[in-house]
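Colleague: here is the input, now give the coordinates:
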Amino acid sequence: MFNQFFWDGIFFLGIFKVLFIVLIIWIVVKIINREHSPKYMPPIQESALDILKKRYAKGEITKEQFDQMKADLQL
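Modeller: Modelled structure (predicted):
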């Protein structure tokens, strides 16, 4: 009976050791990833031509207006 409890205790102790090591590794990886992640991401600036293309695609401006504004931008 004592022998069975002894081996069960060693088995569960081993499982807890493995889980503890996995937890430590997980915490270290999280800390490293947080330190290497960018703190600030500047907003992506769209060009005037991209904005113009989107407005044309949405139907906000006509083909003639698009061509005129595009020509104005290329000056």
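Colleague: same question for Met41, what's its three-state structure.
Modeller: coil (DSSP: H, G, I helix; E, B strand; the rest coil).
Colleague: from Ile15, how far out is Ser47?
Modeller: To Ile15, Ser47 is 58 Å away according to Cβ to Cβ, to the nearest Å. (C-beta placed from N, C-alpha, C; glycine too.)
Colleague: quick check: pLDDT value at Gln74.
Modeller: You'll see Gln74 listed with a pLDDT of 87.
Colleague: distance of His36 from Pro42?
Modeller: Noted for His36: a distance of 18 Å to Pro42, by Cβ to Cβ.
Colleague: domain map for the protein?
Modeller: 1-42, 44-75 (automatic domain parsing).
Colleague: give me the buried positions along the shortest one.
Modeller: What that stands for is domain 44-75. Leu52, Tyr56, Phe66, Met69 (16 or more other Cβ atoms under 10 Å).
Colleague: chain center to that domain: distance?
Modeller: Counting by Cα atoms, centre = their mean, to the nearest Å, domain 44-75 is centred 31 Å from the centre of its parent chain.
Colleague: end to end, how far does it reach?
Modeller: 24 Å (Cα to Cα, to the nearest Å).
Colleague: what's the first helix or strand after the strand or helix carrying Ile25?
Modeller: Secondary structure from DSSP states H and E places Ile25 in helix 2-36. Elements were assigned by DSSP H and E; along the chain past helix 2-36, the next helix or strand is helix 48-58.
Colleague: could you point out which element follows that following helix?
Modeller: With DSSP H and E, the next secondary element past helix 48-58 is helix 63-73.
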